[in-house]
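Enquirer: From the sequence below, what's the structure:
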Amino acid sequence: MRRFGLLALALITLTGARAPAPRPILVPDVSQHEVLLRQGFTGADLLLYGAIMTPEGHRAGRDYDIVVVLEGPTSPMVLREKRKMAGMWVNADSTTLRSVPSFYAMASTRPINKIVDERTAAIYEMGLDSLQLSPGGAVDPALQKRFAAGLAELMARRGLYAQNDHGVTITDQVLYRARITLPSSVQTGTYTAETFAISQGRVLASAVSRVEVRKEGMEKAVADFSSHSAFSYGLLAVSLSVLMGWLAGRLFVKR
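Expert: Below is the predicted model:
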């Protein structure tokens, strides 16, 4: 009887236990899934938007923080630090980074350090301070941090890196939106837009959309010619330079 009573009590406890809240589902989209680089391209504004839903398709109905990260193709890069010695600027320390995004922009509902801790931010690369650039070889951590900060500052001045701590708005706890600008100097390739739904410092859901940036028209023809026929392209460029110089000289002589 005692064993039966304990079993009944356990069943009552389990029945009365509160079920964990279901994880939300993100339904993301982008205003443009394709950006065409034509002559006179001055940049593009992308609207990243979507909804936070329950698995049943209803409104999530609770407060979430949303973080949106748009990242371009990555490539290796060698960074060199210049120092002034004997009145001249010379290369000093250098490092090789194996995975540098050609473009990076993050938008969030509030400052990222108030949403997640440093470890979580580093795992998901949330914020310019948390980019995982994959240094080649053994690098002093302090030196690596200085180079990463210098790279972020340089790319930000070019409009290629950005962080907006109040760039995401949420309406009725279900619809979110963020606006990110691609500059005119943006590279071609596949861009990944990843959205995170976060609550109490934990990433509960994520979803990915993609944007293709490609050249079209004369720009595409020139790019294809230079990559597929590099020697002919170089020869043509030199010939055109010589021709233009000769024409300029003739015009100057006639005057």
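Enquirer: Residue 129 belongs to a helix, doesn't it?
Expert: Yes. Under DSSP: H, G, I helix; E, B strand; the rest coil, residue 129 sits within a helix.
Enquirer: Could you check how far it is from residue 45?
Expert: 25 Å (C-beta to C-beta, to the nearest Å). Every C-beta, even on glycine, is put in place using the N, C-alpha and C of the backbone.
Enquirer: between the two, who's got more neighbours?
Expert: Between residue 129 and residue 45, counted using other C-beta atoms under 10 Å, residue 129 has the larger neighbour count: 15 against 10.
Enquirer: Return the list of helices and strands in contact with the strand or helix carrying residue 204.
Expert: Residue 204 belongs to strand 202-215 when assigned by DSSP states H and E. Judged by 3 or more C-beta pairs under 8 Å, 6 or more residues apart in numbering; DSSP states H and E, strand 202-215 is in contact with strand 25-30, strand 34-37, strand 44-53, helix 118-124, strand 189-199.
Enquirer: Go through the following helix or strand past the fourth one and flag the buried ones.
Expert: Moving toward the C-terminus from helix 118-124, the first helix or strand encountered (DSSP H and E) is helix 141-157. Neighbour-count burial for helix 141-157, counted by 16 or more other C-beta atoms under 10 Å, picks out 147, 148, 151, 152, 155.
Enquirer: Between these, which sits nearest residue 209?
Expert: residue 155 (22.5 Å; C-beta to C-beta).
Enquirer: Pull the contacting residues for the closest one.
Expert: Contacts for residue 155 (C-beta atoms under 8 Å, 6 or more residues apart in numbering) come out as 104, 161.
Enquirer: what about 6 Å?
Expert: Residue 155 sits next to residue 161 when contact means C-beta atoms under 6 Å, 6 or more residues apart in numbering.
Enquirer: Does residue 97 have any beta-bridge partners, and if so which?
Expert: Residue 97 forms beta bridges with residue 77, residue 135, as assigned by DSSP bridges.
Enquirer: With residue 132 as the reference, measure out to it.
Expert: 10 Å.
Enquirer: Compare those two and say which is more crowded by neighbours.
Expert: residue 97 (22 against 13).
Enquirer: quick one, what contacts that one?
Expert: Going by C-beta under 6 Å, 6+ apart, the list of residues near residue 97 reads 77, 133, 135.
Enquirer: Next, count neighbours for the nearest residue to residue 213 once chain neighbours are set aside.
Expert: Using C-beta to C-beta, 6 or more residues apart in numbering and skipping residues adjacent in sequence, the residue nearest residue 213 is residue 35, 4.6 Å away. If you count neighbours by other C-beta under 10 Å, residue 35 ends up with 19.
Enquirer: Now do residue 35 against residue 99, distance only.
Expert: For residue 35, the distance to residue 99 - C-beta to C-beta - is 23 Å.
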